[in-house]
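Q: give me a model of this one.
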Amino acid sequence: MKKRWILLSIVLVLALSACASRASNAPVEMAPYAPSAQQSKDAGSYGESSSAGSSSAAGSTERLVIKQGTMRVSVADPSSAMRSVMKMAEAMGGYVVTSNQWNSVDSSGKQYAQTSVTIRVPAERLDEAMQKIREMAADGENGVISESVSGEDVTSDYVDSQSRLRNLEAAEQQLVKLLDSATDLQYTLDIFRELTNIRGEIEVLKGHIKYLEESAALSSVAVDFVAEASLQPIQIGSWKPSGEAKKAVQALISAAQKVGTGLIWFVITWVPFLLPIGLIIYLIVRASKKRKAARKAAAAEKAQTEPKE
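A: You can find the predicted model right below:
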């Protein structure tokens, strides 16, 4: 029973130490993010599985940022453009994540090819990759329909994960020492169970740290290629609906301008003359109505005062 209490006390102290270390590791004091040679050696397979490009990219920057680019581009041949992007990704030291191709149908029933491809390239070559894709547009940079780049700062998560990993590895070493010196069967089983749980958490943290490093070292670019012909206005013979619509709008604007011009001339030219005439007519009509009302009132009063026979 005494040994069990000792085991529980050690686990509790290590847990509190991990919490305290997590709270004290603010992203204000940050070391380079690539693991050192000694840390990689202690971490086992983690150091071997991390790519050299990921480690150098993480170590050369102060903050760990995951960048993602998205583009929608008009090209003459979407299939050929997709293949070019796939080759470009491999040439830059990246790889293809996904690629898709399908046909879309316009209102006239004509089919056009469309493709999409997502690649990952070294973060320092993201701008170069997006510029090469812009150059594939059918109408130069005017063929780039939409484009955006977003970034997610994962520095705090990365530093916190490294701190938790160090604490868990320290706890693992202590439990291994206890396991080596344990003689009681139940005590040995308790230590082994705790050791198994901690090693599971260590593997999860190593995987998370590796994911953050690789995501920051290799930026993703998602591209949709649209056939240039599918974006052209509908044309039947020499008649272009878009051109006729433009002419109609221009005619409407011209008519509205003429009406507005006529109203301005009317107000400025005729209102100063018509206003006094209208005022005189209004006063005459009003006076006439008053006289008629007065005559009616006098006639009614006279009829009331005359004696009835």
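Q: going forward, measure contacts between C-alpha atoms and count neighbours the same way
A: Fine.
Q: what's the neighbour count on A255?
A: With neighbours defined by other C-alpha atoms under 10 Å, the count for A255 comes to 12.
Q: next, it: phi, psi?
A: Note on A255: backbone dihedrals following degrees, to the nearest 10 are phi -60, psi -40.
Q: equivalent analysis for D139, please.
A: phi -120, psi 40.
Q: again with A170
A: The phi/psi pair for A170 (degrees, to the nearest 10) reads phi -70, psi -40.
Q: how close does it get to F192?
A: Distance from A170 to F192, counting by C-alpha to C-alpha, to the nearest Å: 16 Å.
Q: who has more neighbours out of the two?
A: Per other C-alpha under 10 Å, whichever of A170 and F192 has more neighbours is F192, with 16 against 13.
Q: and that one, what's its pLDDT?
A: With respect to pLDDT, F192 scores 91.
Q: hang on, it packs against L178?
A: No. Look at F192 against L178 with C-alpha atoms under 8 Å: they stay out of range, at 9.6 Å.
Q: quick one: the helices in the protein?
A: Taking DSSP state H as the criterion, the chain carries its helices at 2-24, 37-42, 45-49, 52-59, 78-91, 126-134, 155-181, 185-217, 241-305.
Q: could those go into a markdown table alongside distance to V144?
A: Below are the helices of the chain laid out as a markdown table (distance: least, C-alpha to C-alpha, whole Å):
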| stretch | distance to V144 |
| --- | --- |
| helix 2-24 | 45 |
| helix 37-42 | 43 |
| helix 45-49 | 38 |
| helix 52-59 | 29 |
| helix 78-91 | 13 |
| helix 126-134 | 7 |
| helix 155-181 | 33 |
| helix 185-217 | 26 |
| helix 241-305 | 21 |
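Q: ok, which of those helices comes nearest Y112?
A: helix 78-91 (9.2 Å; C-alpha to C-alpha).
Q: where are the low-confidence patches of the stretch 101-250 of the chain?
A: Judged by pLDDT under 70, the stretch 101-250 of the chain has its weakly predicted residues at 106-108, 141, 231-244.
Q: circling back to that earlier point, between the helices of the chain, which one is closest to T115.
A: Among the helices of the chain, helix 78-91 sits nearest to T115 (C-alpha to C-alpha), with 5.8 Å.
Q: what mean pLDDT does that closest one have?
A: Here helix 78-91 scores 95 as its mean pLDDT.
Q: contacts for that helix next, please.
A: Contacting residues not belonging to helix 78-91 are listed as 75, 95-96, 99, 101, 113-117, 119-121, 129, 133, 136, 225-227 [C-alpha atoms under 8 Å, 6 or more residues apart in numbering].
Q: that helix: which residues count as buried?
A: P78, S79, A81, M82, V85, M86, M88, A89 (16 or more other C-alpha atoms under 10 Å).
Q: strands - which of the contacts of helix 78-91 land there?
A: Within the contacts of helix 78-91, residues falling in strands by DSSP state E are 75, 95-96, 99, 101, 113-117, 119-121, 225-227.
Q: top of those by neighbour count?
A: Counting by other C-alpha under 10 Å, top hit in these: F225 with 28 neighbours.
Q: in this structure it contacts S116, no?
A: Yes. Using C-alpha under 8 Å, F225 is in contact with S116, at 6.0 Å.
Q: if we can go back for a sec, right, and the helices of the chain - which one's nearest G140?
A: helix 126-134 (7.1 Å).
Q: just the angle for that closest one relative to helix 78-91, thanks.
A: Here helix 126-134 points in a direction 160 degrees away from that of helix 78-91 (axes from the mean of the first three to the mean of the last three C-alpha atoms, to 10 degrees).
Q: for the residue nearest to P78 when sequence neighbours are not counted, give its distance to S79.
A: Nearest non-adjacent residue to P78, counting by C-alpha to C-alpha, 6 or more residues apart in numbering: F225, 5.3 Å away. According to C-alpha to C-alpha, F225 stands 8 Å off from S79.
Q: cool, and A287?
A: Where S79 is concerned, A287 sits at a distance of 88 Å (C-alpha to C-alpha).
Q: where's E90 relative to V149, distance?
A: Taking C-alpha to C-alpha, one finds E90 at 21 Å from V149.
Q: ok, which of the helices of the chain comes nearest N142?
A: Closest among the helices of the chain, using C-alpha to C-alpha: helix 126-134, at 9.0 Å.
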